[in-house]
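Asks: Please work out how this folds:
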Amino acid sequence: MALKPLGDRLIIKALDAEEMTAGGILLPDSAKEKPQRGEVLSVGPGKLLESGKIVQLEVKVGDTVYYSKYGGTEVKIGADEVVILRQDDVLAILDK
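Replies: Below is the predicted model:
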């Protein structure tokens, strides 16, 4: 990937939103909610503290995470759309 995150930022590929409700109703594109789950493609070196020490990130490449609905910045690179966000915007890591 030609994009390298800085500090405590992550690059995430959003996973598709659900296309069917729990009751079995198919949702059109206009009714789908913004995805909140994605796969981590790249991580920055870590958060820089005022003391000059770098704290390593808890998230690693390949993790599937849930993140804030309106967190991060969407960026289009070629045909791919990715989200750049801070580790603070990550709510949880999904265990496999």
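
Asks: how would you label the residue positioned nearest the centre of the chain: helix, strand or coil?
Replies: Centroid-nearest residue in the chain, with C-alpha atoms, centre = their mean: residue 12, separated by 3.7 Å. Per DSSP: H, G, I helix; E, B strand; the rest coil, the secondary structure class of residue 12 is strand.

Asks: swap in residue 93?
Replies: strand.

Asks: quick one: the nearest residue to residue 8 once chain neighbours are set aside and residue 94, what's the gap?
Replies: Once flanking residues are discounted, residue 8 sits nearest to residue 47: 3.9 Å by C-beta to C-beta, 6 or more residues apart in numbering. For glycine as for every other residue, the C-beta is placed from the backbone atoms N, C-alpha and C. Separation of residue 47 from residue 94 (C-beta to C-beta, to the nearest Å): 22 Å.

Asks: again with residue 8
Replies: 20 Å.

Asks: Comparing those two, which residue is more hemmed in?
Replies: In this view residue 8 and residue 94 are compared by other C-beta atoms under 10 Å, and residue 8 has more residues nearby, 22 against 10.

Asks: That one touches residue 54, doesn't it?
Replies: No: using C-beta atoms under 8 Å, residue 8 makes no contact with residue 54, being 9.3 Å away.
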